[in-house]
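**Q** Build me a structure from this.
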Amino acid sequence: MAERVQQPPAKRLCCRPGYNPACRQGQRAGGVLCGGAGSAPGGSGNGKTHNPESLLDIAARRVAEKWPFQRVEERFERIPEPVQRRIVYWSFPRSEKEICMYSSFNAGGEESGTSGDNNDETQLPFLRGVTLLEGGWVDNVLQVGFHLSGTVTDPATPSSPELVCSVSVSFDRCKITAVTCTCGNKDIFYCAHVVALSLYRVRKPEQVKLHLPISETLFQMSRDQLQKFVQYLISVHHTEVLPTAQKLADEILSQNSEINQVHGAPDPTAGASVDDENCWHLDEEQVQEQVKLFLSQGGYHGSGKQLNLLFSKVREMLKMRDSNGARMLTLITEQFMADPRLALWRQQGTTMTDKYRQLWDELGALWMCIVLNPHCKPEQKSSWLRQLRRWTSVDVCPWEDGNHGNELPNLTHSLPQELLHKGHTSITNMEGWVGHPLDPIGTLFSTLTESGRVGEEGSNTYCSSVVSRAELQRMPVQRLLGDGESYVALAVETALIGLGQQRVMPDGLYAQEKVCRNEEQLLAKLQEVELDDSLVKIFRKQAVFLLEAGPYSGLGEIVHRESVPMHTFARYLFTSLLPHDAELAYKIALRAMRLPVLESTASSGDLSRPHHIVSVVPNRYPRWFTLSHIESQQCELASTMLTAAKGDSRRLETVLESIQKNIHSSSHIFKLAQDAFKIATLMDSLPDITLLKVSLELGLQVMRITLSTLNWRRREMVRWLVTCATEVGVYALDSIMQSWFTLFTPTEATSIVATTVMSNSTIVRLHLDCHQQENLASSARTLALQCAMKDPQNCALSALTLCEKDHIAFETAYQIVLDAAATGMSYTQLFTIARYMEHRGYPLRAYKLATSAMAHLNLSYNQDTHPAINDVLWACALSHSLGKNELAAVIPLVVKSVKCATVLSDILRRCTLTTPGMVSALHSRRNSGKLMSLDKAPLRQLLDATIGAYINTTHSRLTHISPRHYSEFIEFLGKARETFMMAHDGHIQFTQFIDNLKQIYKGKKKLMMLVRERFG
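**A** Predicted coordinates for the structure are as follows:
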């Protein structure tokens, strides 16, 4: 607590107007122990005998709890000293629960303080106070009237010396109303020293010396005694009180002073006045400072967690009906409203962060708890209403992100009336209860379930006042409200009603996420409740009601296009009802499968209706930020039904129809197909052929949906479909190949589908006989030829491969390639097919395709690393191996297509070899083994082209050459000289070429010097 060292001002003025001096002689000025004779209800106090409590103690205890002491004084002219003592004695708190609550963040003890990072439970102020008390570190305890004081010593540690703290506590009507401690600790809650002193008084009242209020003692003194008392007091504390004493003396001696106009004098030990509010001490300044600090940290350093702990503390106070709950929440709200980020966000037009918005939601929920508290007085509620309106009127007050206050669109004017009145209600103007900022359903559910507990365990030393989740694991049904009705039954019914309510999806990402989150939280609470026969009856009753309730219900026969889907709720209902009423469970789940927001003409009627009702809402695509999550929940609902329907062909067919009608995401349909496949092929049982067919049907739907759209999982989907069809049987494989054009692209059909079907693993897996193998092969060849006709560029090679074993089909495929070679095929595709042909033993066909590829190729002078170079060299070698005529035919194509000098020179050298060595001798038709002459065709043309390419390339490189490339250029000229020398007059040509360079590029002196050094 932010304990201040100075003493608090006196609560009220004390005097005795009817005081009789004759009564002084029979009264004692000294004190007695709190547990003295007649003080304890148990007599001797040794714990062995228990006497009845005295009437004095019974009455004094009741008065101490309810009446301010001033009212007691006003009611009776004279109060006997024993009565005063008992009232003072019983006015101190008797329970440790509240002391614990005000000295730790939460009763669960997760945090040591608002600003501490140490999670060690022993560092909690309450537990530290218990340790100090039990260690005997509390001393000099004195109670004067309604004021308790003492010293508490913090023992020395290796890091800190011993610290003696002076502590004082004021109390009234069993509540601590003020605390001070010299430890200097600043925190929202009581320090360990205050705890130790307070617990000393609670646990050891018999060891505390009790005096009446100091004003009572002063009344018993004579003038001489009073003077002696004052002088001794000043003498002992002259440095502290002398200035104040002199000031007071001056004022008292002045007849016109203000102090002489007031009857009586203040007494800090005399208890509360009639006008004082009776509440536990709460340091408002520290609450404000801590909240302001947490907000300034912007969610970092665990500030969000600390604020949530403060909210938990408010809830704890409200649960104990402590008025400080509303007081503390008011202080927190004021700081939230003063947060400078609100104005900044409003100015910038940005929304607050999700974490910050969650804190605001909790703030709103706590205010709901306060204003709905049935124990509050009307004037309190009026005050809070004024306060809330004042806050709402402030510009920076954030708006709720969502249309929770909007009415559900009224469908009654546009839909068949018989649908609207089938249930018990036709109400359409409702707020969404689930996802509402104040969470009414969740709050009511928790209230009812907690009310259903048979009593609470008493608080232990640790003072836990929060019931653990484990205690709520199984709610008792013995506390009946009516004929067989229990709190838990009401809670469950409330949750089912709220979850089943038709409600429009709110606007904004956060509000939509909140709808999903609240629904999941409610369902998690419901799953903690163990279903018995009485609860199953409630489930049945609510399920039937939701199916027939008209516009009220989200599971009614017709829903608004933008109403929140019921997939998650329906899955819970389905699994809960399935063991007890399968028919009803499937009705609920099938009805909930719809997702009308994705329908262009959304049909939201039940599958069993002869005709469907078209949505009356204009077609538009709203901003549903959580749509992917909603579709996932729809998929989960369908998967749950598929799993449950295994072995039931009628159910499976119905579920399949619902999936095909309502699910529009290819990824989710694919997941369902995979799920069905896994369930159907479990290792511990024979495959479920009906479920396998469902899996295949879903897979076929995925193929149709994704055929014309991009999907990065498409290849995986195609491979999986072939696997699934294989499990179904040979007829399924034949079927997908027969209708390939509606399912696959030509490339997929040839490279994946037909290739997999024709593989040995498929034949072995299906145990096919020769006739079946031939039928599949025939279908695969037909598919391959159709694909090659449709997309020769990508399917020709696969078609040739698939048709290898059938001569007619192979020739047909080859002819398709030839027809396409002149038009649409690239040189890369043609070279690939040409190499395939050569590999299969068709060199002439390979040569023909290679020459077609050369006609499409173009290599510029600087493309000496082009990937097609190897294909060009291979084509020339193939031509050379076939004979002079073939080589003579291909060289003009090479000269036309290739301008790169180094590539041409490489081809020239290879062609001068007697045996190219590139193609098997089996296919060669060489005439003699002689070296081919470079002075005659066809090599003369190639030599001239190569020399010309070197000359052109040299000039091109010299146009933009830098000094760092000079050495590389000299090496290039060296290669050029080797090619020049292959001509009979090459030496002369090269010399002339070098001289021309020297003349043309004489400005590049350094480079030309290098040229002269190397080539003269």
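**Q** The closest residue in space to T812 that isn't next to it in sequence: neighbour count?
**A** Residue nearest to T812 in three dimensions, not counting chain neighbours: L785, with 5.8 Å by C-beta to C-beta, 6 or more residues apart in numbering. From N, CA and C alone the C-beta is placed, and that goes for glycine too. Other residues lying near L785 total 20 when counted by other C-beta atoms under 10 Å.
**Q** What of I891?
**A** There are 23 residues near I891, going by other C-beta under 10 Å.
**Q** Would you list the phi and psi of it?
**A** Dihedral angles phi and psi of I891 (degrees, to the nearest 10) take the values phi -60, psi -40.
**Q** Go ahead and confirm it touches L942.
**A** Yes. In this structure I891 lies within contact range of L942 using C-beta atoms under 8 Å: 5.2 Å.
**Q** same question for the helix or strand that contains the residue nearest to T812, mean pLDDT?
**A** Assigned by DSSP states H and E, L785 falls within helix 770-790. For helix 770-790, mean pLDDT rounds to 95.
**Q** Now do that helix: distance to the chain's middle.
**A** Relative to its chain's centre, helix 770-790 lies at 51 Å (C-alpha atoms, centre = their mean, to the nearest Å).
**Q** Following the chain past it, name the next helix or strand.
**A** helix 792-802.
**Q** Packing partners of that next one?
**A** For helix 792-802, the elements it packs on are helix 746-748, helix 755-757, helix 770-790, helix 807-821, helix 827-839, judged by 3 or more C-beta pairs under 8 Å, 6 or more residues apart in numbering; DSSP states H and E.
**Q** Quick one: those helices as CSV, columns for distance to T575 too.
**A** Below are the helices and strands packed on helix 792-802 laid out as CSV (distance: least, C-beta to C-beta, whole Å):
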stretch, distance to T575
helix 746-748, 38
helix 755-757, 38
helix 770-790, 43
helix 807-821, 54
helix 827-839, 55
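**Q** wait, which of the ones you listed is closest to L686?
**A** helix 770-790 (21.8 Å; C-beta to C-beta).
**Q** Just want the angle from the closest one to helix 792-802.
**A** Counting by axes from the mean of the first three to the mean of the last three C-alpha atoms, to 10 degrees, helix 770-790 lies at 160 degrees to helix 792-802.
**Q** so what secondary structure elements neighbour helix 770-790?
**A** Counting by 3+ C-beta pairs under 8 Å, 6+ apart, helix 770-790 packs on helix 730-738, helix 746-748, helix 755-757, helix 792-802, helix 807-821.
**Q** Quick one: distance of the longest one to the chain centre.
**A** The offset between the C-alpha centroid of helix 807-821 and the centroid of the whole chain comes to 58 Å, using C-alpha atoms, centre = their mean.
**Q** Same check on the third one?
**A** Computed by C-alpha atoms, centre = their mean, the separation of helix 755-757 from the middle of its chain amounts to 43 Å.
**Q** Remind me what it packs against, helices and strands.
**A** Contacts defined by 3+ C-beta pairs under 8 Å, 6+ apart place helix 755-757 against helix 714-728, helix 770-790, helix 792-802.
**Q** try the first one
**A** The criterion is 3+ C-beta pairs under 8 Å, 6+ apart, and the helices and strands that helix 730-738 contacts are helix 714-728, helix 770-790.
**Q** Just send those back as JSON lines, with distance to E77 too.
**A** Shown next, in JSON lines, are these (distance: least, C-beta to C-beta, whole Å):
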{"stretch": "helix 714-728", "distance to E77": "96"}
{"stretch": "helix 770-790", "distance to E77": "114"}
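**Q** Which of these sits closest to V529?
**A** The nearest among the helices and strands packed on helix 730-738, by C-beta to C-beta, is helix 714-728 at 40.1 Å.
**Q** orientation of the closest one relative to helix 730-738 in degrees?
**A** 140 degrees.
**Q** from the middle of its chain, how far away would helix 714-728 be?
**A** Distance, centroid of helix 714-728 to centroid of chain: 34 Å (C-alpha atoms, centre = their mean).
**Q** CA atoms of it as CSV?
**A** This file holds the C-alpha atoms of helix 714-728, laid out as CSV (Å, rounded to 0.1, in the frame of the first residue of the first chain):
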residue,chain,number,x,y,z
ARG,A,714,-2.9,-29.3,-57.2
ARG,A,715,-0.2,-31.9,-58.0
GLU,A,716,-0.6,-33.4,-54.5
MET,A,717,-4.4,-33.5,-55.1
VAL,A,718,-4.0,-35.3,-58.5
ARG,A,719,-1.6,-37.9,-57.1
TRP,A,720,-3.9,-38.5,-54.1
LEU,A,721,-7.0,-39.0,-56.4
VAL,A,722,-5.2,-41.7,-58.4
THR,A,723,-4.3,-43.4,-55.1
CYS,A,724,-7.9,-43.2,-53.9
ALA,A,725,-9.2,-44.5,-57.3
THR,A,726,-6.7,-47.4,-57.1
GLU,A,727,-8.2,-48.4,-53.7
VAL,A,728,-11.7,-48.2,-55.0
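**Q** Other residues contacting that helix?
**A** Residues from elsewhere that reach helix 714-728, judged by C-beta atoms under 8 Å, 6 or more residues apart in numbering: 666, 670, 673-674, 677, 680-681, 687, 689, 692-693, 695-696, 699-700, 702-703, 706, 711, 732-733, 735-736, 743-744, 748, 752-753, 756-757, 762, 765-766.
**Q** got it, and stretch 647-660?
**A** Contact with stretch 647-660 is made by 586, 590, 593, 607, 638, 641-642, 644-646, 669, 672, 688, 690-691, 694, 697-698, 701, as judged by C-beta under 8 Å, 6+ apart.
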